[in-house]
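Novice: Quick check, what structure comes out for this input:
(chains A and B)
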There are 2 protein chains.
Amino acid sequence: MSGYDDLMAFQRETEALSQVAGRLSWDQETMMPKGAAEQRGEEMAAMEGMLHARRVDPRIGEWLEAAEAVDDVAKAQLREIRRSYERYAKVPAKLASEIARVTSRAQGIWAEARAAEDVAAFLPVLDEVVRLKREEGQALANGGGVYDAMLGDYEPGATGAELEAMFGALRPRLVDLRDRVLDAGPAPELTGSFAEEGQLAISTRLAEAFGYDFHRGRIDKAVHPFSSGSGDDVRITTRTNPLDPFNCFYSTVHEVGHAAYEQGVDEAYALTPIGQGASMGVHESQSRIYENQIGRSRAFTGWLYGQMREVFGDLSVDGPEAFYAAANRVHRGYIRTEADEVQYNLHVLLRFDLERALMAGDLGIADLEAAWNDRFKADFGYAVDKPSDGVLQDVHWSVGLFGYFPTYTLGNVYAGCLYQALRADVPGLDAALADGDTAPATAWLREKLQRHGGLMLPKDLIAQAAGKAPSEGPLLDYLEEKFEALYGL
Amino acid sequence: MSGYDDLMAFQRETEALSQVAGRLSWDQETMMPKGAAEQRGEEMAAMEGMLHARRVDPRIGEWLEAAEAVDDVAKAQLREIRRSYERYAKVPAKLASEIARVTSRAQGIWAEARAAEDVAAFLPVLDEVVRLKREEGQALANGGGVYDAMLGDYEPGATGAELEAMFGALRPRLVDLRDRVLDAGPAPELTGSFAEEGQLAISTRLAEAFGYDFHRGRIDKAVHPFSSGSGDDVRITTRTNPLDPFNCFYSTVHEVGHAAYEQGVDEAYALTPIGQGASMGVHESQSRIYENQIGRSRAFTGWLYGQMREVFGDLSVDGPEAFYAAANRVHRGYIRTEADEVQYNLHVLLRFDLERALMAGDLGIADLEAAWNDRFKADFGYAVDKPSDGVLQDVHWSVGLFGYFPTYTLGNVYAGCLYQALRADVPGLDAALADGDTAPATAWLREKLQRHGGLMLPKDLIAQAAGKAPSEGPLLDYLEEKFEALYGL
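Specialist: A predicted model of the protein is given here:
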């Protein structure tokens, strides 16, 4: 058992240092003075270099050889340590630093190209990124699938083929639903101007209602909402737009979903390899079920309607039913992060297919914009109006995130499975939600899923929580039932 | 030159990581959720362990052997690297971790003992700390003076004997001045209640007036005011007390002095061993000259009086002269950090003599409280009323800071020297200060002292800035002239 103890002691320090690096990123987005950006770049690079050296430390290999797992927890720890060690060892240091260098440059070029609506300015560096990431994928794949190897960084055990089948089943029913809903005409819309102070006050009530532990976290404003940290220090950010309070509220609830997951992991796993969420997909399942299935439910929006009226007085939508429709309004739009539940996954499916084709070499950089625009027109029924609404809209590819997009939809699929089981297991859910009480739902999620951290592989975790293997059916059934009722289809 | 380049590249990373550790401490005092304290302890320990391993990395020894200094900057870098390397190499790892363990425990015991006014509860663990620190001092001293070795951690080149002589010359004239001032009767006092918002607004104006660069820093509230970070990210904190706005204002100006020093170091030295203040004493000279010689001058308080009236309306003191007297009010008190310019150094001299006696073994722990109280009565003219106002008042000894206290008075002595030269070099200083314009003074300090960072040893740095070797005379002359005029002596 000594190899195991030594290994875990080393790993515990690595996890602690990795938390520090995460907190530094939080600081950068919330507190850092503007003039510190360049120095901060060096500080982050030094942290990353130090962490990388620890992750490939040859002693890990020796400890792994000597370690014996006496129980399931130890088995899971060793599985995660082995996966990380082998992953980092496979990529030559020169390639890793080349990727860091090029993606850092590419992100700046992407931001400028998007602002200038100039696709051509971005393509050469994107070509470089694709080439380097394919090279990395080949190193990771060891002769297996390049895209599968990339997926493994975010969703261990997932394969491109399996996702292709699942997403292939999603697409036609989503396109059909989107088509019928948009044809049914506009839903009620919340209009008016809403002071930041009031939005943030309701935002805090929402976080409390969803069980976010402020004693072990805090909420700040940032340009992009995010959740950061694990264990006893999990912080979230939100943002406000006077014309769109739903953006603030549901950004908060979304990040609370991520944060509550991290706060809910068994404290015995803190600062260990399994002391955080099981995967990006499982993480997204928590943020999405908090935000959508629970937060945008008829029952809960009834409570939120009362909160809004208390803070802001009379609203442009009258009565809880119209408010529910406004909170779930389906509308034309180009931007993934602003999409409604019906169209969101169509944005992801488009990216999934294009990035797999890029990685397989079936799609050249020169044809990327046309491929994007054709696919958008086919799935959404209207044409992209400008590159910043199309192929230039997301930062992901510029920073080398290939294989990341599908975890968004996988999260929605998992959320669909979990919600089906939750409704079956917990009677009286709607009555509680109508009082703003999410505890029956969040306690079920914590018990079934969150507390386990990284103990199980993602698919196994969802299967044991939902009572059956994950599939796209429950999500589709939920969406069709909800939006057919809302739009009288 | 290759040994030098390799060494500096390694050192640059260490400095960057050390900045990260400093930012983590800042976060702990300003932003960290309360429930994160235990986890943060592990994160800090992991950072410190990693930094310690880098500081004793045997490659540093090899690089130092191979390195050649081509200019004064390189010479200074090597001097600082060698000093740090030899210092950490001298202390056995077991002793270093024992000190970390015991002082961490001792700090908690001290806080409880102070709250309970229970000296006996603190003495056993203080005894342990003294024993361990003496052992460390012996390891550092290599047969030389134990206390001198400790001083070297904070004030390179200073010796106990030299400080004893300097402080010995200070004490009688300070005791005499204190005596005459307190006899002369009470000075005008600023009374009333001052809203936090107004205090913080003036605090910000003061920071701006003293040239604090908000683009590379920020001000937050904390229980204890401090300055943190170097280069392009230097943050300060302040605090407010509705009854004592001067505490907020002069805490801010004091920390701005520290921060402006760090912000003023030549940017070519950023993230190198000489890229920060030269020593604790030199640092304190900047905070003190900003706070006292400049900030509490008749000219500058005239401007501050106008700011106060603009924000708070009529005050309990009428006219700039009474306001100046109130800002410099000498009053009985037991607490070092709340002391006025006349009495502050007497607090430090007391601690300096006691801690040297403790380290030399001339004073036993059992006799410490009596020694403190006797000395206090002799120098201040009144008796200590309770342990929290006496021997239990400071955290320093509990955390092993022996040799640190004298740098406070050394800073005041240095400030006296600098101020004398500043007044000689810069005509029209008072006219500018009367307009709230500190630029002539701060520009002189930046040019003469701040920009050099750690290029020179502390005494050499002060000597070249002030035009002669540092001594206590200018400080005493300044204090006597100022307070004799103020109190009509």
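
Novice: and stretch A:322-342, average pLDDT?
Specialist: The average pLDDT for stretch A:322-342 rounds to 96.

Novice: and it, how far apart are its ends?
Specialist: This stretch, stretch A:322-342, spans 18 Å end to end (Cα to Cα, to the nearest Å).

Novice: Can you list the buried residues in that stretch?
Specialist: Residues A:322-330, A:334, A:336, A:339-342 are the ones in stretch A:322-342 that count as buried (16 or more other Cβ atoms under 10 Å in any protein chain shown). Where C-beta positions appear, they are placed from N, C-alpha and C, glycine not excepted.

Novice: Report pLDDT for the nearest residue to residue A:12 once chain neighbours are set aside.
Specialist: Leaving out its chain neighbours, the residue that sits closest to residue A:12 by Cβ to Cβ, 6 or more residues apart in numbering or on different chains is residue A:271, at 5.1 Å. Note for residue A:271: predicted pLDDT of 97.

Novice: again, but for residue A:71
Specialist: Taking residue A:71 on its own, its pLDDT is 96.

Novice: which residue is nearest the centroid of chain A?
Specialist: residue A:284 (4.4 Å; Cα atoms, centre = their mean).

Novice: Just the ones of the buried residues of stretch A:322-342 in strands?
Specialist: The members of the buried residues of stretch A:322-342 all map outside strands under DSSP state E.

Novice: Give the rounded mean pLDDT of the helix or strand where the residue nearest to the centre of chain A lies.
Specialist: Assessed by DSSP states H and E, residue A:284 sits inside helix A:280-288. On average, the pLDDT along helix A:280-288 is 98.

Novice: Restricting to C-alpha, output that helix in CSV.
Specialist: Included here for helix A:280-288 are C-alpha records, laid out as CSV according to Å, rounded to 0.1, in the frame of the first residue of the first chain:
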residue,chain,number,x,y,z
MET,A,280,-17.5,18.0,-19.0
GLY,A,281,-20.7,16.2,-20.1
VAL,A,282,-21.8,15.2,-16.6
HIS,A,283,-20.9,18.8,-15.4
GLU,A,284,-23.1,20.2,-18.1
SER,A,285,-25.9,17.9,-17.2
GLN,A,286,-26.0,19.5,-13.8
SER,A,287,-25.9,23.1,-15.0
ARG,A,288,-28.6,22.3,-17.6
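
Novice: Tell me which residues are up against that helix.
Specialist: A:154-155, A:158, A:227, A:254-255, A:257-258, A:260-261, A:277, A:404, A:406-408, A:410-415, A:418, A:445, A:449-450, A:458, A:461-462 (Cβ atoms under 8 Å, 6 or more residues apart in numbering or on different chains).

Novice: Among the residues you listed, which are located in strands?
Specialist: Secondary structure from DSSP E places residue A:227 of those in strands.

Novice: follow-up on the earlier one: the residue nearest to the centre of chain A and residue A:151: what is the separation?
Specialist: According to Cβ to Cβ, to the nearest Å, residue A:284 and residue A:151 sit 14 Å apart.

Novice: again, but for residue A:313
Specialist: Relative to residue A:151, and taking Cβ to Cβ, residue A:313 is found at 49 Å.

Novice: who has more neighbours, the two?
Specialist: residue A:151 (28 against 9; other Cβ atoms under 10 Å in any protein chain shown).

Novice: coming back round to it: between the buried residues of stretch A:322-342, which sits nearest residue A:114?
Specialist: Using Cβ to Cβ, residue A:334 comes nearest to residue A:114 of the buried residues of stretch A:322-342, at 12.7 Å.

Novice: ok so, going back, I'd guess the residue nearest to residue A:12 is in a strand, am I close?
Specialist: No - counting by DSSP: H, G, I helix; E, B strand; the rest coil, one finds residue A:271 to be coil, located in no strand.

Novice: circling back: please identify which of the buried residues of stretch A:322-342 is nearest to chain B.
Specialist: residue A:327 (30.0 Å; Cβ to the nearest Cβ).

Novice: tell me which element the closest residue to that closest one other than its chain neighbours is part of?
Specialist: In space, and not counting its chain neighbours, residue A:327 is closest to residue A:301: 4.9 Å by Cβ to Cβ, 6+ apart. Using DSSP H and E, residue A:301 sits in helix A:298-312.

Novice: Residue A:61 too?
Specialist: Using DSSP H and E, residue A:61 falls in helix A:58-66.

Novice: Identify each buried residue in whatever helix or strand comes next after that helix, please.
Specialist: Using DSSP H and E, the helix or strand that directly follows helix A:58-66 along the chain is helix A:72-90. For helix A:72-90, the buried set under the neighbour-count rule, 16+ other Cβ under 10 Å, comprises A:73, A:76, A:77, A:78, A:79, A:80, A:81, A:84, A:85, A:87, A:88, A:90.

Novice: ditto for stretch A:150-168
Specialist: A:150-156, A:158, A:160, A:163-164, A:166-167.

Novice: Nearest to residue B:467 among those residues?
Specialist: Checking the buried residues of stretch A:150-168 against residue B:467 by Cβ to Cβ gives residue A:153 as the nearest, at 62.2 Å.
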